[in-house]
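> Got a sequence here, can you build the structure:
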Amino acid sequence: MARSGPCGGGELRPHAYRGTIGTVTEPVTHTPDGPPAAPAARRGAVRRLAAPLGTLAAVLAAFAYVGAVDPNEAGHYPVCPLLRLTGIYCPACGGLRSAHAVAHGDLAAALGANALAVLGYAAFAVFWTVWLVRAGRGLPASGPRPGAVHWWLIGGVVLLFTVLRNLPAGAALAP
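Residues are numbered from 1 along each chain as shown. This next block holds a predicted model:
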């Protein structure tokens, strides 16, 4: 269906919009080399990838900062209040040291500082990759949808990790 546009130039292509009656037309632009360009498709891809890539940029910036400012040196970061007040390691104690070691590629030191945090980094990487691929393909982002059982299981693992790292038998889990 080729017609002249309302301003006398360009071809109009029928395009149906959801929820409208009839057909709405939009101008088709041709590139000198070939088929019509699809600026809306490019804008759609950029829009779909903006959230995963923005999230990646924020995480990389955080890891770059922690990689540059060593948490092993006193004074750069606040001390864990639970550790300071009670002497008990919380589940996050050693997380910054772990992130610093990951930023420097030292997986053994990262696991020694906080193994649960390393597991969290790996889970984030997997979920982020799935999110990026699905967004790139135009599929809806369908991340994990944990139910009550899953939350109780995660809470139990975190509690077990916390208790073990504060016992003499679990000294290897302490930072």
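> The helix or strand containing L153 - contacts with which helices or strands?
Element membership for L153, per DSSP states H and E: helix 148-165. Where contact means 3 or more Cβ pairs under 8 Å, 6 or more residues apart in numbering; DSSP states H and E, helix 148-165 is packed against helix 115-136. In this view, the C-beta of every residue, glycine as well, is placed from N, C-alpha and C.
> Return the set of buried residues in the helix it packs on.
The neighbour-count check on helix 115-136 (16 or more other Cβ atoms under 10 Å) flags A115, L116, A117, V118, Y121, W131, L132, R134, A135 as buried.
> Does F127 touch P144 like I think?
Yes - taking contacts as Cβ atoms under 8 Å, F127 lies within contact range of P144: 6.8 Å.
> can you list residues touching both of the two?
Common neighbours of F127 and P144, using Cβ atoms under 8 Å, 6 or more residues apart in numbering, do not exist here.
> What's the end-to-end length of stretch 109-119?
Stretch 109-119 has an end-to-end distance of 14 Å (criterion: Cα to Cα, to the nearest Å).
> Quick one: distance of the top helix by length along the chain to the chain centre.
Identified as the longest helix of the chain according to DSSP state H is helix 39-68. Distance of helix 39-68 from the chain centroid (Cα atoms, centre = their mean, to the nearest Å) equals 8 Å.
> Against which helices or strands is it packed?
Using 3+ Cβ pairs under 8 Å, 6+ apart: helix 39-68 touches helix 95-103, helix 115-136.
> Just tell me which of those ends up closest to G155.
helix 115-136 (12.4 Å; Cβ to Cβ).
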